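Asks: Sequence and predicted structure, then a few things I'm wondering about:
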Amino acid sequence: MVSELFIVFSNTMSSVGNKWKDILTFKGDRPDSIVLYGALLLVITKLFLFPYTQTVDADAVSRTLISYKWSQDPYFITDSVWAPLYFYWNGLIIWLTGSIENGPRYVNVLLSGLTLLPFYFFVKNEFSRTGAIYSVAVFALSPIIFRNSFQALSGTPYLFFLALSLYAFSLALRRDQFKIFALAGFFLTIAAGFRYEAWIMIAVFTLIGILNKQYLGTLIFWGVGMIIPISWMLVGKIYHDDFLFGINGAYGWNIQQMDINANLNDTERLKRLFFYPMSWFLAVSPVLAWVLIVSFFRNILKKVYSRNQYYWMIPLLVIGVAFLVKAQDGTLLLQHRFTGSLVLLSSPLFALVIQMSTGKILRYLYASLCLLILPQSYFWYRVNLDEWTPLSRQIKSIIRDIQLSTGPETLPLPQIDNPLIIHALQVIDENWKEGNGLIIDFIGWSETYYLGMQYPESDPFIFPGAKNDQFPVEKYLSYIHDHPEGILVLHCASNYHEFVQYQGKTLQLLDGQGQIELNELYQDKGLRVFEYYKGDGWTIYLPGFKNDCAEIGSIGYFESRAYFSVQMREEAKRMIRKKGVSFEEAMLALAEREHKRFLNGEIEL
């Protein structure tokens, strides 16, 4: 079956070879050529910007490190809660390129450009020939889509194969050819190996096929599309006695380990309800979002949409509802990177906005708004959206909380903006020796995993970050035994004081189980970097070493915590813009506020 699909794919590509020659030479439809060269320009632009980006997403780091281990010693994956194809994919890329961090990122940049081509032809076929190029621009220049392409995350290859499947399934329905139905299923089953949203899409596409009364072709599509989902469910049943082991793993992580439903109240439920609509607004820019919403209802009243176009809105509706439901029950975390599906599936509606617009001036205006989506994102990031909305105090508080806690995720370039981490990394680089180990206290999701990504060959030991994580004691001691020398990064406001205790002039790793010799290299705001040495018998006298961490619950303690809180740093930036104070002054003011709240019993440590 797989070999036949590749033959179908090859024949399909050769049959359109002449058409692509026309596109390359601008002899065909001019918008086709613009999209092709626009995709090329997009990739070139991203390659130019690549050195100014970093891997800041903790999931991107953890997945890359897992893929790196797999590339060194390939094995059949049976115990991952995430769809497995992602690890095989990145492991192969790392093996081929020899680049652990940047290899998968470069491939994602390339895929982000290639995605535009099948997406464009899908929109052109199903929504509007004249407006398709605008839909492509909205998708390509969305800051969240732009940002994700610089991270080694599964979202980019998933959207690429989803776009291929959209185009192929659309073509199959028009031509009623079983081979193209099979090809569409092949693309979507590959997407299902990257993200579970594709499993939902298999069911939705099947429904669309049935509504179009293409029963046999749809059956073929479904059979091919379910290859990876059925295979992964069988793995779950055989190895874990649970057909939905992978999907249920999200429950175990989010609900049990992260404990995100611990303080669930009406305000938190409203926040979960607002998050993804707000994320979509910021992803396509609030101005274009309102244009689309108004045009959408106007087009319904004017009966502009065809039956097939309504069918192709079903994926957006289903994914949107799924996101809202999963966010409410806590199995979908509130992270902007997941909004990619909503952006891709809603962008075709912009094509009809353009088609229904009369006059060149209005079209030029829409074109300008599309091209300004990226620079606009920096404006919306800096604007205090909660102060712009004439809503209730509770809603304003929710908007403020979302913007403060996730604001950097809406910017197109992923970058580490914590000066303490940047300085600490410089010190580590200057003192790094081949063969060193790297032990990192949990200091925040982005910062901790960013440090770990810089030295993947050391297989860094990272302290757990989830609320209810159990500290892996045996793995911790084993790591130090295998890496007797290296770098130790500690945080004075650590959640794991019981595992790293200062006692006089020694640092005791675990009660009664050993001590190591330290040489302090860097200390600022409670972030400390040491060289460590494991001695014989693990009992080492540390001359001159002292514990100069601020007392727990003190202003200094809260200041140390503030520097590694996204929300606190973003709040400090607001203070800087409003009051003209320095960053250090703003952080100290916030630490004093938190200290006062602690004394008043408003917060617990």
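Replies: Thanks, I have it. Numbering: from 1, shown residues only.

Asks: from here on, contacts and neighbour counts on C-alpha atoms
Replies: Fine.

Asks: buried set for stretch 29-42?
Replies: For stretch 29-42, a neighbour-count test (16 or more other CA atoms under 10 Å) marks Pro31, Asp32, Ser33, Val35, Leu36, Gly38, Ala39, Leu40, Leu42 as buried.

Asks: Dump those residues into a markdown table; add pLDDT, distance to Ser128 and secondary structure as well.
Replies: Shown next, in a markdown table, are these (pLDDT from 0 to 100; distance: CA to CA, whole Å; DSSP: H, G, I helix; E, B strand; the rest coil):
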| residue | pLDDT | distance to Ser128 | secondary structure |
| --- | --- | --- | --- |
| Pro31 | 81 | 12 | helix |
| Asp32 | 84 | 13 | helix |
| Ser33 | 87 | 16 | helix |
| Val35 | 90 | 15 | helix |
| Leu36 | 91 | 17 | helix |
| Gly38 | 93 | 19 | helix |
| Ala39 | 94 | 19 | helix |
| Leu40 | 95 | 23 | helix |
| Leu42 | 96 | 23 | helix |
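
Asks: any idea how far Glu101 is from Asn90?
Replies: Distance of Glu101 to Asn90, computed by CA to CA, to the nearest Å: 10 Å.

Asks: Residues that sit against both of those two, list them.
Replies: Counting by CA atoms under 8 Å, 6 or more residues apart in numbering, the common neighbours of Glu101 and Asn90 are Thr64.

Asks: neighbour-wise, which of the two wins?
Replies: Neighbour totals were compared for Glu101 and Asn90, and Asn90 leads with 28 against 23 (other CA atoms under 10 Å).

Asks: Distance check, that one against Thr448.
Replies: From Asn90 to Thr448 the distance is 21 Å (CA to CA).

Asks: what does Pro484 give?
Replies: Distance from Pro484 to Thr448, by CA to CA: 21 Å.

Asks: okay, those two: which has more neighbours?
Replies: Shown here are Pro484 and Thr448; by other CA under 10 Å, Thr448 has more neighbours (23 against 16).

Asks: what about Asn519, which SS state?
Replies: Three-state call for Asn519 (DSSP: H, G, I helix; E, B strand; the rest coil): strand.

Asks: ok, it - contacts?
Replies: By CA under 8 Å, 6+ apart, the neighbours of Asn519 are Phe530, Glu531, Tyr532.

Asks: Sort those residues by pLDDT and name the bottom one.
Replies: The lowest pLDDT within these belongs to Tyr532, with 83.

Asks: ok, the host helix or strand of that one: who's next to it in the sheet?
Replies: In this structure, Tyr532 sits in strand 527-533 according to DSSP states H and E. Using DSSP bridges, strand 527-533 pairs in its sheet with strand 485-491 (antiparallel), strand 514-524 (antiparallel).

Asks: Could I get those strands in JSON lines, plus columns for distance to Ile422?
Replies: Listed next are these as JSON lines, based on distance: least, CA to CA, whole Å:
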{"stretch": "strand 485-491", "distance to Ile422": "13"}
{"stretch": "strand 514-524", "distance to Ile422": "12"}
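
Asks: Please identify the deepest-packed of the ones you listed.
Replies: Comparing the strands paired with strand 527-533 by mean neighbour count (mean count of other CA atoms under 10 Å), strand 485-491 comes out on top with a mean of 23.

Asks: tell me the mean pLDDT for it?
Replies: 89.

Asks: How about stretch 410-423?
Replies: Rounded mean pLDDT across stretch 410-423 is 92.

Asks: Next, the buried residues of that stretch.
Replies: Applying 16+ other CA under 10 Å to stretch 410-423 flags Thr410, Leu411, Pro412, Leu413, Pro414, Gln415, Ile416, Leu420, Ile421 as buried.

Asks: distance of Ser154 from Asn148?
Replies: 9 Å.

Asks: Looking at those two, which is more packed in?
Replies: Taking other CA under 10 Å, Ser154 and Asn148 do not tie; Asn148 has more neighbours (28 against 25).

Asks: Distance of the more buried one relative to Thr410?
Replies: Taking CA to CA, one finds Asn148 at 10 Å from Thr410.

Asks: Okay, buried residues for stretch 152-159 please.
Replies: Ala152, Leu153, Ser154, Gly155, Thr156, Pro157, Tyr158, Leu159.

Asks: How about the second one: what's its closest non-neighbour residue?
Replies: Which is Leu153. Ala60 (5.2 Å; CA to CA, 6 or more residues apart in numbering).

Asks: Pop out the phi and psi values for the one you found.
Replies: For Ala60, the backbone dihedrals (degrees, to the nearest 10) come out as phi -60, psi -40.

Asks: Please verify my assumption that it contacts Ala152.
Replies: Yes - if you go by CA atoms under 8 Å, Ala60 and Ala152 touch, sitting 5.1 Å apart.

Asks: would you turn the buried residues of stretch 410-423 into TSV with secondary structure and distance to Leu404?
Replies: Listed next are those as TSV, based on DSSP: H, G, I helix; E, B strand; the rest coil; distance: CA to CA, whole Å:
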residue	secondary structure	distance to Leu404
Thr410	helix	11
Leu411	coil	13
Pro412	coil	17
Leu413	coil	18
Pro414	coil	16
Gln415	coil	16
Ile416	coil	16
Leu420	helix	20
Ile421	helix	20
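
Asks: Put together JSON lines for the residues you listed, with distance to Val318 on each row.
Replies: Shown next, in JSON lines, are the buried residues of stretch 410-423 (distance: CA to CA, whole Å):
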{"residue": "Thr410", "distance to Val318": "24"}
{"residue": "Leu411", "distance to Val318": "27"}
{"residue": "Pro412", "distance to Val318": "27"}
{"residue": "Leu413", "distance to Val318": "30"}
{"residue": "Pro414", "distance to Val318": "29"}
{"residue": "Gln415", "distance to Val318": "33"}
{"residue": "Ile416", "distance to Val318": "35"}
{"residue": "Leu420", "distance to Val318": "43"}
{"residue": "Ile421", "distance to Val318": "41"}
